[in-house]
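**Student:** just need the structure, nothing else, for what follows:
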Amino acid sequence: MEIGIIEMAGTLIILWLIYYYFTMTFDFWKSRGIPGPEPVPLFGNIRDIILGKVSIGNYVAEEYNKYKNYPMFGIFASRAPILIINDPEIIKDVMVKNFSSFLNRGNRIFEKVEPLSANLINLEAARWKPLRTKQTTMFSSAKLKDMFYLILECASNLETTLSAKIESNDIVECCNLAARFTTDVIGRCVFGIDMNALKDENSEFCKVGLKFVNVNKWRAFKMRFKQIFPFLFKLLGPIMYDYEINDFFINTMTRTMKHRKDNNIKRGDFVDLLNDLKDNADQLKDIELTDTLLTAQAFAFFFAGFDTSSTIISHILYELALNQSIQNKVRVEINEVLINNNEKLEFTLIQEMKYLNKIFCETLRKYPVITILTRQATNAFTFSQTQTTIPKDTRIWIPVYAIHRDPAIYTNPETFNPERFDEGNMKERHTFNYLPFGAGPRNCIGARFGNYQTKIGVITILKNYRVDICDKTPIPYVSNPRRFLLAPKEGIHLKFTKLK
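**Tutor:** The predicted structure is shown next:
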C-alpha cells in the first residue's frame, strides 16, 4: 500500500514538474504590461500551427487584427515568449535604427541534424556578417547584367516546354512549371550546373527540391517535435537526419567544387566564390569553413530560386488570370517595349516596364512569400516609444502578411490593384508597411536576382500566351497550412492559350 502511494505521489510530482516547465514563462508579457492571447500548456498560442490546421501567416494575421490598435502584443511559441510588433516606427527601430541590438533572426540551428539550415538566412551574427559581406558580390548590378543572357536561355527553354505541354493539355499547374524554370535559372546562374529541370520532369534537383518544400507527415512531425522538444530533437539526431536531401546537396556541391578546383575552372559564379572562401579561410576568423557549411550557403540560394521566385510567378499568373484587364494592359506594355527594341529583351528594358513592376509589387503585397520576419534581441533593449524593456534573447516577429492585408493601410486589401504602387500612393504610406523582402542590413540578399528572374519568366509567358482560370483554379485562394512560406494548398491550375 505504501509503495503504491509513493509511486502515485512520484507520478503526480513528475506531472506537476512537466506542467510547471511548460507554463513557468506564461507571466512574461503580463508582467511587462504587454497584451496578448492566453497561452495553453505545451503549445503556448501556436497549437493550430503545430497541428497543421492553420498557416503561420494566417494565425498571426488573426491575432494582429485583435491587437492592431496596440503598438505590440505578446504570444508564446510553446513556452518561448514572442513579441509581435505592429507599429511601423518600432519595426524601423528593430530592423534599421537599432539593428545592432537585433542582429540575429532567432532561428535555432541544429547543424548535426539539419546541416543545410546553417545558411545565411539562419546564421547567428558572428558567422552571418562576414559571410554576407563575401556573398553580396554575387548579386551586384554588374553580376546580374553578366548573368542576364543565362536567364534568357532558360526562358527560351520555358517557352519551348510550355508550347509542347499545351499541345496535349492546355491546363497547366503553374507552381510546378515555374519551379522547374527557376531551378534551371539558379543552376545556370549561381552554380554553373545544367539542372535540366524544364526538359526533364524527373530532374533529381526538382525531385529533391519538391521533397524539401512539400512537407509530408514525417517531416511535419519533426518540425513540431523540434519546436516543442528542442533538446530531445538534438539528442535524436540520427533519427531526425534527412539523408536523402542532405547527402544529395552536400555530395553534389562537394564534387562540383572539387572538380572546378582540380581542373582550374573559373566561371565567376557562386561555386567559384565558395572555393575562394575555402582557399582564403584565414580571412574569416573563428569560422570553420567545412564543405557542409559552404554547401548550406549554396542551398539557401537554391531554395530561394526553387521555391520563393517560382511561387511569386505563380501568384502573378493567378491574379492576371482573375483580372483580364490588368493582364491585357501589361501585355501591351511588354509588346511595346519589345517592338521598340526589335523584339530583343535586354537587361535595361526590364526597368522600362513600369506597369509590370507595379504588378510585381502588388503581388508581393497580397502574397508576401515570407509572412513573418523574425529577429532576436542580442542585448536587453528598451523601446523608446512604449518604454517597454525586453531581456536579451527575446524573439520578435514582424507580421508582414497581416500588415499587407490591413484595410487601414491598404484599402480593400483583397482587391488586386497595381495602382497602389503609383509613386504618389507609395509616398502616402509608411515605408515599413511594405516588407516583402525585409529591410535593413539583414534584408533578402537575392531580392534583385529574384526580381529579374521572376519578371523574365512572366514576360516570356505573357508575350506568347493568354492565361485564364479553369475548373481546377483554386477560388478562393487557400494557403498551405504546413508551409512556413506562403504557398497555395493545392497548386495553381490555369488555362494557357497560344496567342497568334
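
**Student:** how about the strands of the stretch 101-250 of the chain, start to end?
**Tutor:** Counting by DSSP state E, counting those that start in this stretch, one finds strands in the stretch 101-250 of the chain at the ranges 171-173.

**Student:** go on, the stretch 251-400 of the chain?
**Tutor:** For the stretch 251-400 of the chain, strands defined by DSSP E, counting those that start in this stretch occupy the ranges 373-376, 381-383, 388-390, 395-398.

**Student:** what's the closest of these to Met8?
**Tutor:** Met8 lies closest, by C-beta to C-beta, to one member of those: strand 395-398, at 38.5 Å. (Each C-beta comes from the backbone N, C-alpha and C, glycine too.)

**Student:** which neighbouring elements make contact with the closest one?
**Tutor:** Packed against strand 395-398 by the contact rule (3 or more C-beta pairs under 8 Å, 6 or more residues apart in numbering; DSSP states H and E) you find strand 80-85, strand 373-376.

**Student:** off-centre distance for it?
**Tutor:** Relative to its parent chain, strand 395-398 has a centroid offset of 16 Å by C-alpha atoms, centre = their mean, to the nearest Å.

**Student:** in a helix, Pro35, correct?
**Tutor:** No: according to DSSP: H, G, I helix; E, B strand; the rest coil, Pro35 belongs to no helix; its state is coil.

**Student:** ok, it - contacts?
**Tutor:** By C-beta atoms under 8 Å, 6 or more residues apart in numbering, the residues touching Pro35 are Trp29, Tyr67, Tyr70, Phe73, Gly74.

**Student:** give me the number of residues near the last one?
**Tutor:** By the measure other C-beta atoms under 10 Å, the count of residues near Gly74 is 23.

**Student:** helix, strand, or coil at it?
**Tutor:** Gly74 - assigned by three-state DSSP - is strand.

**Student:** mean neighbour count for the strands of the stretch 251-400 of the chain - can I get that in CSV?
**Tutor:** CSV is the format used below for the strands of the stretch 251-400 of the chain (neighbours: other C-beta atoms under 10 Å):
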stretch, mean neighbour count
strand 373-376, 22
strand 381-383, 16
strand 388-390, 17
strand 395-398, 22
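
**Student:** which one of those lies nearest to Leu198?
**Tutor:** Among the strands of the stretch 251-400 of the chain, the nearest to Leu198 by C-beta to C-beta is strand 373-376 (32.2 Å).

**Student:** now do the closest one: which elements does it pack against?
**Tutor:** Counting by 3+ C-beta pairs under 8 Å, 6+ apart, strand 373-376 packs on strand 395-398.

**Student:** so what's Arg32 up against?
**Tutor:** Taking C-beta under 8 Å, 6+ apart as the test, what Arg32 contacts is Gly74, Thr388, Thr389, Ile390.

**Student:** give me that answer again for 7 Å
**Tutor:** Taking C-beta atoms under 7 Å, 6 or more residues apart in numbering, we find Arg32 in contact with Thr388.

**Student:** what do you get for Asp48?
**Tutor:** Val54, Tyr59.

**Student:** what helix or strand is it located in?
**Tutor:** Asp48 is part of helix 47-50, with elements assigned from DSSP states H and E.

**Student:** ok, and for that helix, which residues are buried?
**Tutor:** Neighbour-count burial for helix 47-50, counted by 16 or more other C-beta atoms under 10 Å, picks out Asp48, Ile49, Ile50.

**Student:** circling back to that earlier point, nearest to Cys175, out of the helices and strands packed on strand 395-398?
**Tutor:** When the helices and strands packed on strand 395-398 are compared by C-beta to C-beta, strand 373-376 sits nearest Cys175, at 23.4 Å.

**Student:** excluding covalently adjacent residues, which one is nearest to Arg395?
**Tutor:** Using C-beta to C-beta, 6 or more residues apart in numbering and skipping the chain neighbours, the partner closest in space to Arg395 is Gly106 (4.3 Å).

**Student:** tell me how far the one you found lies from Ile372.
**Tutor:** Distance, Gly106 to Ile372, using C-beta to C-beta, to the nearest Å: 11 Å.

**Student:** Lys472 too?
**Tutor:** In this view, Lys472 and Ile372 are 30 Å apart by C-beta to C-beta.

**Student:** more crowded one of the two?
**Tutor:** More neighbours surround Ile372 than the other of Lys472 and Ile372, with 21 against 13 (other C-beta under 10 Å).

**Student:** find the nearest non-adjacent residue to the more buried one, please.
**Tutor:** Computed as C-beta to C-beta, 6+ apart, the closest residue to Ile372 that is not its neighbour in sequence is Trp397, at 4.7 Å.

**Student:** also Gln453?
**Tutor:** Excluding its sequence neighbours, the residue lying closest to Gln453 (C-beta to C-beta, 6+ apart) is Val185, at 4.8 Å.

**Student:** now for the one you found, how many residues are close by?
**Tutor:** Val185 has 33 neighbours, counted by other C-beta under 10 Å.

**Student:** how close does it sit to Leu274?
**Tutor:** Following C-beta to C-beta, the distance that separates Val185 from Leu274 is 19 Å.

**Student:** got it, and Lys358?
**Tutor:** 37 Å.

**Student:** more neighbours, the two?
**Tutor:** Taking other C-beta under 10 Å, Lys358 and Leu274 do not tie; Leu274 has more neighbours (24 against 20).

**Student:** where does the stretch 351-500 of the chain dip in pLDDT?
**Tutor:** For the stretch 351-500 of the chain, applying pLDDT under 70 flags no range at all.

**Student:** going along the chain, name the helices of it.
**Tutor:** For the stretch 351-500 of the chain, applying DSSP state H, counting those that start in this stretch gives helices covering 354-366, 400-404, 423-428, 447-462.

**Student:** packing partners of the last one?
**Tutor:** So that's helix 447-462. If you count contacts as 3 or more C-beta pairs under 7 Å, 6 or more residues apart in numbering; DSSP states H and E, helix 447-462 packs onto helix 141-168, helix 174-186, helix 309-322, helix 324-339, helix 354-366.

**Student:** not counting its own residues, what contacts it?
**Tutor:** Residues outside helix 447-462 that contact it (C-beta under 7 Å, 6+ apart) are 139, 144, 151-152, 155, 158-159, 162, 178, 181-182, 185, 304, 308-309, 312-313, 316-317, 330-331, 334, 345, 350, 356, 360, 437.

**Student:** hmm, which of those are the buried ones?
**Tutor:** Buried among the contacts of helix 447-462 by 16+ other C-beta under 10 Å: 139, 144, 151-152, 155, 158-159, 162, 178, 181-182, 185, 304, 308-309, 312-313, 316-317, 330-331, 334, 345, 350, 356, 360, 437.

**Student:** thinking again about what came up before, deepest-packed of the helices of the stretch 351-500 of the chain, please.
**Tutor:** The highest mean neighbour count among the helices of the stretch 351-500 of the chain, using mean count of other C-beta atoms under 10 Å, belongs to helix 400-404: a mean of 25.

**Student:** what's the span of stretch 372-385, first residue to last?
**Tutor:** The straight-line separation of the ends of stretch 372-385 (C-alpha to C-alpha, to the nearest Å) is 22 Å.

**Student:** buried ones in the helix or strand harbouring Tyr59?
**Tutor:** Using DSSP H and E, Tyr59 sits within helix 56-67. Buried residues in helix 56-67, defined by neighbour count with 16+ other C-beta under 10 Å: Ile56, Gly57, Asn58, Tyr59, Val60, Ala61, Glu63, Tyr64, Tyr67.

**Student:** what does stretch 138-150 give?
**Tutor:** Applying 16+ other C-beta under 10 Å to stretch 138-150 flags Met138, Phe139, Lys143, Leu144, Met147, Phe148, Leu150 as buried.

**Student:** that concludes my questions; thank you for your assistance.
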